[in-house]
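Enquirer: The sequence isn't on hand, but the structure is:
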């Protein structure tokens, strides 16, 4: 199986490692003596039992946890070298390599990105930095006292306050992803003093760990344009497979993840998907980002409901549409849905222009249940530009299909006035092509779009003209 196709590993949890255990461990390290290792107990620290009784239990910042102390001579004797930057001091047994040795520079740019995202003044955090351990051979780090026995078994990465550990990975991309994932935990825990509930904690680490690096400039919080751009990451593929298998989760089920959920890789994909959907969407971005100021709130979900307000039902439906259309290169701005209720159409033909470079578009036409809707379409528009321009008409390009229908074909859906529980009409479209007539099952607003991947709309151009009219429903057959 090609490396980008294989299921991506959980970034920092083993099956026995609960999502909140990072903070439990922090408390444990603060109250236990790890003789000969990198951590030393603060004798004035309360007991672990006392710590977990109070408000500063799992999921909260626990003060007094010391940084790792590195005996550099002992480390060097084990073949562990030091690569130092302003925001990351990295110890590794991986041989010198440009993509390894530039990790502190990547981390420094990530710190600036985290400050910008969470609205933190970097000048106030002038001395903030983390210590990282990139390990090819964990036994070397154990012998050097840099992989404490109290750490739980983890396959890829782990973070405790100002310190993080990651194992060497087969690809440079996933190595950086793990570093940024664990770094996000460290930043949130040490500066925001909490990472929030499990879905948010892991969703933010996945969101801000997913990146683009060109060798000199870092972009955080990206959607990879292709699988090859993010080998071993695999979150999009995981969601696609789960949706196709009928295992899509409602957004509230993701929000309800407890500390056990992230023992499974799928939970990381769902947490990333929730964070990405909310952060990239033009309507939900502001309330979602405001959550970073509520990470210590007891009713975190209630705070989010308050911020979203009366858009909660729309958010839940748009989540369905997001999952049904998720692709590498997904562009939320182009896929955002206008939920304004339609008005009754005028008599005769009603003309609507549809942009080929956008997702579902509201025609502002409300169609009554039981009526016949006739749609006729014409126009010529671009649905791809590589390796050459692909021109298309509303009937679609039959040499290529997307989701079982010709690429570029005109699609229609009638979104009911009061959507019922269950699948949205916008994930069960009708193929209209150059023209079609259909019976309206439920009164609602007509939506139109051309059939194309949500990750490939940026190379579309032009528009089509659709003409819509209502015809009388056929008379019922004689009894």
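Expert: Thanks, I have the structure now. Keep in mind that what you see is a predicted model, and the values were worked out from it rather than measured. Numbering: from 1, shown residues only.
Enquirer: State the next helix or strand along the chain beyond the lowest-mean-pLDDT helix or strand in the chain.
Expert: Ranking every helix and strand in the chain by mean pLDDT, DSSP states H and E puts helix 48-53 at the bottom, with a mean of 34. The helix or strand immediately downstream of helix 48-53 is helix 72-77, counting by DSSP states H and E.
Enquirer: Please state the mean pLDDT value computed over that following helix.
Expert: Taken as a whole, helix 72-77 carries a mean pLDDT of 98.
Enquirer: Can you spell out which helices and strands pack onto that helix?
Expert: In terms of contacts (3 or more CB pairs under 8 Å, 6 or more residues apart in numbering; DSSP states H and E), helix 72-77 is packed against strand 81-84. From N, CA and C alone the C-beta is placed, and that goes for glycine too.
Enquirer: What is the neighbour count of residue 305?
Expert: The local packing of residue 305 (other CB atoms under 10 Å) involves 14 other residues.
Enquirer: for it, helix, strand, or coil?
Expert: Recorded secondary structure, residue 305: helix (DSSP: H, G, I helix; E, B strand; the rest coil).
Enquirer: thought it was touching residue 315?
Expert: No - with contact defined as CB atoms under 8 Å, residue 305 does not reach residue 315; the gap is 9.8 Å.
Enquirer: Mutual contacts of those two, please.
Expert: Common contacts of residue 305 and residue 315 (CB atoms under 8 Å, 6 or more residues apart in numbering): none found.
Enquirer: for the chain, what's the longest strand?
Expert: The longest strand of the chain (DSSP state E) is strand 463-471.
Enquirer: Give me the sheet partners of it and which way each runs.
Expert: Partners of strand 463-471 in the sheet, by DSSP bridges, are strand 350-355 (antiparallel), strand 372-378 (antiparallel).
Enquirer: Surely residue 138 and residue 147 touch.
Expert: Yes - using CB under 8 Å, residue 138 is in contact with residue 147, at 5.6 Å.
Enquirer: Roughly how far does residue 315 sit from residue 288?
Expert: Distance of residue 315 to residue 288, given as CB to CB, to the nearest Å: 10 Å.
Enquirer: typo on my end, it should be residue 239
Expert: Per CB to CB, residue 239 is found 18 Å from residue 288.
Enquirer: and if you look at residue 373?
Expert: According to CB to CB, residue 373 and residue 288 sit 36 Å apart.
Enquirer: Check residue 211 too.
Expert: According to CB to CB, residue 211 stands 19 Å off from residue 288.
Enquirer: These two: who's more crowded?
Expert: residue 211 (24 against 20).
Enquirer: Can you pull the poorly scored residue ranges out of this structure?
Expert: 1-65, 420, 472-479 (pLDDT under 70).
Enquirer: care to break it down by domain?
Expert: Taking automatic domain parsing as the criterion, the chain consists of the domains 1-335, 337-471.
Enquirer: Pull the distance from the first one to the chain's centre.
Expert: For domain 1-335, the gap between its own C-alpha mean and the chain's C-alpha mean amounts to 12 Å (CA atoms, centre = their mean, to the nearest Å).
Enquirer: Show me what the strand or helix carrying residue 159 is packed up against.
Expert: Residue 159 is located in strand 157-160, with elements delineated by DSSP H and E. Packing partners of strand 157-160 (3+ CB pairs under 8 Å, 6+ apart): helix 21-31, strand 163-167, helix 172-187.
Enquirer: 6 Å instead, please
Expert: Contact analysis of strand 157-160 by 3 or more CB pairs under 6 Å, 6 or more residues apart in numbering; DSSP states H and E lists helix 172-187 as its packing neighbours.
Enquirer: Confirm for me that residue 224 is in contact with residue 329.
Expert: No - here residue 224 lies out of contact with residue 329, judged by CB atoms under 6 Å, at a distance of 7.4 Å.
Enquirer: the more surrounded of these two?
Expert: Neighbour count, other CB under 10 Å: between residue 224 and residue 329, residue 224 has more, with 22 against 17.
Enquirer: Now that one, what are its backbone angles?
Expert: Backbone dihedrals for residue 224, given as degrees, to the nearest 10, come out at phi -50, psi 140.
Enquirer: and the closest residue to it other than its chain neighbours, how many neighbours?
Expert: Nearest residue to residue 224, sequence neighbours excluded (CB to CB, 6 or more residues apart in numbering): residue 230, at 3.8 Å. Other residues near residue 230 come to 25 when the count uses other CB under 10 Å.
Enquirer: Quick check: end-to-end length of stretch 249-266?
Expert: End-to-end distance for stretch 249-266: 11 Å, by CA to CA, to the nearest Å.
Enquirer: Tell me the buried residues in it?
Expert: Neighbour counts using 16 or more other CB atoms under 10 Å place 249, 251, 254-255, 257, 259, 261-262, 265-266 of stretch 249-266 among the buried residues.
Enquirer: just stretch 131-138 next, same as before
Expert: Quick answer for stretch 131-138 (16+ other CB under 10 Å): 131-135, 138.
Enquirer: what does it rub up against?
Expert: When contacts are defined by CB atoms under 6 Å, 6 or more residues apart in numbering, stretch 131-138 is touched by residues 68, 88-94, 141, 146-147, 163-168.
Enquirer: Is it possible to get TSV of the strands paired with strand 463-471 that adds mean neighbour count and distance to residue 336?
Expert: Below are the strands paired with strand 463-471 laid out as TSV (neighbours: other CB atoms under 10 Å; distance: least, CB to CB, whole Å):
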stretch	mean neighbour count	distance to residue 336
strand 350-355	17	13
strand 372-378	19	23
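Enquirer: between those, which gets nearest to residue 110?
Expert: strand 350-355 (35.7 Å; CB to CB).
Enquirer: Contacts for that closest one next, please.
Expert: Applying CB under 6 Å, 6+ apart, the external contacts of strand 350-355 come out as 361, 363, 365, 448, 463-468.
Enquirer: Make a ChimeraX selection of the buried ones in these.
Expert: Applying 16+ other CB under 10 Å to those leaves a buried subset, and the ChimeraX line that selects it is:
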select :361,363,365,448,463,464,466,468
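Enquirer: Check the contacts of strand 350-355 and tell me the two furthest apart.
Expert: 365 and 463 (17.2 Å).
Enquirer: Show me the helices in the stretch 101-250 of the chain, by range?
Expert: Along the stretch 101-250 of the chain, the segments classed as helices by DSSP state H, counting those that start in this stretch run 103-118, 138-143, 172-187, 198-209, 235-244.
Enquirer: which one of these is the most hemmed in?
Expert: Stretch with highest mean neighbour count among those: helix 198-209 (a mean of 27; mean count of other CB atoms under 10 Å).
Enquirer: And the contacts of that helix?
Expert: 19, 177, 180-181, 184-185, 195, 220-221, 254-255, 257, 259, 262, 268, 271-272, 274-276.
Enquirer: Quick check: residue 415 is in a strand.
Expert: Yes - under three-state DSSP, residue 415 sits within a strand.
Enquirer: residues touching it, list them.
Expert: The contact partners of residue 415, taken as CB under 6 Å, 6+ apart, are 425, 444-445, 447.
Enquirer: if you look at the residues you listed, which of them are in strands?
Expert: Going by DSSP E, the strands hold 444-445, 447 from the contacts of residue 415.
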